[in-house]
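# with the input below, show me the fold.
(one chain, ligands or ions: 1)
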Amino acid sequence: MSDANPARFITLEGGEGAGKSTQARRLSEALHARGIENIVTREPGGSPGAEDIRKLLVEGEPGRWTPEIETLLMFAARVDHVARTIRPALESGAWVICDRFTDSTYAYQGAARGADADFIRRIEEATIGDFRTDLTLILDVPVEEAFGRIESRAHAENRFEKFDCAFHERLRQYFRQLAQRESERCVLIDSRGETERVSQQIWRAVASRFNL
Ligand code: TMP
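I've put the predicted structure just below:
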């Protein structure tokens, strides 16, 4: 990869059932089709150790952990993921597409579950320092439509899906406000309806941000 077009770190964010995993795969294919090497990864997880920590986080009852403990576990997983998967890929010239990253911690553990944002910021600084994304795509879908998608899934492993509607509304509002507040880094994607239409919006955002 030349210096004019360095490897980029792109994340997809949003609430449950917003279609992130499907869109991450489609974006990966679109980049490959243009000869851009890339990997798709996810959080929590994305490295063997982080996948082990993921099990602690997504299984069990909603009240299993306090939001502060969740924050610590998320960053324990993240620091391993960054060191063992994300940084090595970027250094080898591959773009990284990641299904969720630190914005999810501010949204889920902070805005939705009530952990103090300064507490999260201090843990972030102590673990990943100033490592940030180049572009964050925020997939936005009304909570009722997202719930319909969650219910049609073959298996529900995820304890966060068991929180109530108000929790999911807080998440949605947090992500929408983030897109406005950090408009340099974030693009809000209308993720209702047709998968193909959503992919096209995402491709336009990526192509225009990185001059593809
Ligand atoms: P997902 O793979 O379906 O997105 O599931 C991961 C779950 O973990 C999802 O419900 C969101 C949650 N999560 C957090 O609460 N905080 C975080 O920092 C991350 C990365 C995910």
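
# show me what from the protein comes close to the ligand.
Within the chain, the positions near the ligand by CB under 6 Å from any ligand atom are 16, 42-44, 58, 74, 100, 104-105, 108-109, 158, 160. All C-beta atoms are positioned from the backbone trio N, CA, C, and that covers glycine.

# poorly predicted segments of the chain, please.
1-4, 154-157 (pLDDT under 70).

# can you give me the strands for it?
9-14, 38-42, 95-99, 135-140, 186-190 (DSSP state E).

# most tightly surrounded among the ones you listed?
strand 9-14 (a mean of 26; mean count of other CB atoms under 10 Å).

# these two touch, right, Leu188 and Arg172?
No. Counting by CB atoms under 8 Å, no contact exists between Leu188 and Arg172, whose distance comes to 11.1 Å.

# which stretches in this protein count as helices?
Using DSSP state H, the helices found in the chain span residues 20-33, 48-58, 67-81, 87-91, 102-104, 117-128, 143-151, 165-181, 195-210.

# possible to save the ones you listed as JSON lines with mean neighbour count?
Formatted as JSON lines, those follow (neighbours: other CB atoms under 10 Å):
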{"stretch": "helix 20-33", "mean neighbour count": "17"}
{"stretch": "helix 48-58", "mean neighbour count": "17"}
{"stretch": "helix 67-81", "mean neighbour count": "21"}
{"stretch": "helix 87-91", "mean neighbour count": "15"}
{"stretch": "helix 102-104", "mean neighbour count": "23"}
{"stretch": "helix 117-128", "mean neighbour count": "15"}
{"stretch": "helix 143-151", "mean neighbour count": "14"}
{"stretch": "helix 165-181", "mean neighbour count": "17"}
{"stretch": "helix 195-210", "mean neighbour count": "15"}
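
# so for Ala7, which of the ones you listed sits nearest?
helix 87-91 (4.6 Å; CB to CB).

# got the CA coordinates for that closest one in CSV?
Output of helix 87-91 as CSV, limited to C-alpha atoms (Å, rounded to 0.1, in the frame of the first residue of the first chain):
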residue,chain,number,x,y,z
ARG,A,87,-2.2,-3.1,14.4
PRO,A,88,-0.4,-6.1,12.7
ALA,A,89,-3.0,-6.0,9.8
LEU,A,90,-2.6,-2.2,9.4
GLU,A,91,1.1,-2.4,9.5
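
# report the contact partners of the spatially most central residue of the chain.
In the chain, the C-alpha closest to the average C-alpha coordinate belongs to Arg100, at a distance of 1.3 Å (CA atoms, centre = their mean). Contacts for Arg100 (CB atoms under 8 Å, 6 or more residues apart in numbering) come out as 11-13, 20, 42-44.

# from the residues you listed, pick the one nearest the ligand.
Glu43 (3.7 Å; CB to the nearest ligand atom).
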